[in-house]
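**Q** starting from these lines, generate the structure:
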Amino acid sequence: MKISNSRLPLAAATLVTAVATVWSLYLSLGLGLIPCELCWYQRILMYPLTVILGVAALENRARVYRTALPLSVLGAGIAAYHSWLQISGGSGTCSIGGGCSAVQYRFLGLSVPNLSLIAFVLVSLALVVVVRR
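**A** Model prediction:
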């Protein structure tokens, strides 16, 4: 299977991860919000994607999906679970910055895990486009 030019979806995915990374750093360093444990897991999966996808976009490495797609799908799963905890009012036993069901900040009516879920889904969709090309 020949893989054609995949720079555009890789660049779009890089942009999404860069915005998510900068936004999360602003929330913690700029606004002083303390991330909960599930937020840290999402950051651990999002931050390297910025570099991985950025390099892949520059070098037109379509096979990066083998590395990036598992990270983005796992991140989406954690973000979906975190969002569900907030919606359902689940237990606040998550530690570090407090309960994972607590909503510390909203942007356009969406909590931080909701925004993280959107970012991971967009990255995953971009990588599916790369695979299909």
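**Q** which strand or helix spans the residue most central in space within the chain?
**A** Closest to where the C-alpha atoms of the chain average out (C-alpha atoms, centre = their mean) is Phe120, at 4.0 Å. Taking DSSP states H and E as the definition, Phe120 sits inside helix 112-132.
**Q** now do that helix, average pLDDT.
**A** The average pLDDT for helix 112-132 rounds to 92.
**Q** and for stretch 85-102?
**A** If you average the pLDDT values across stretch 85-102, you get 62.
**Q** please apply the same query to stretch 12-23.
**A** Averaged over stretch 12-23, pLDDT sits at 96.
**Q** report the buried residues of that stretch.
**A** By neighbour count, with 16 or more other C-beta atoms under 10 Å as the criterion, the buried positions of stretch 12-23 are 12-18, 20-21, 23. For glycine as for every other residue, the C-beta is placed from the backbone atoms N, C-alpha and C.
**Q** again, but for stretch 82-91
**A** When neighbours are counted by 16+ other C-beta under 10 Å, the buried residues of stretch 82-91 are found to be 82-83, 85-86.
**Q** which of those residues sits closest to Leu53?
**A** Compare each of those with Leu53 using C-beta to C-beta and the shortest gap goes to His82, at 22.3 Å.
**Q** next, the angle helix 112-132 makes with the host helix or strand of the closest one.
**A** Secondary structure from DSSP H and E places His82 in helix 65-88. Put simply, helix 65-88 runs at 150 degrees to helix 112-132, going by axes from the mean of the first three to the mean of the last three C-alpha atoms, to 10 degrees.
**Q** for helix 65-88, packing partners?
**A** In terms of contacts (3 or more C-beta pairs under 8 Å, 6 or more residues apart in numbering; DSSP states H and E), helix 65-88 is packed against helix 37-59, helix 112-132.
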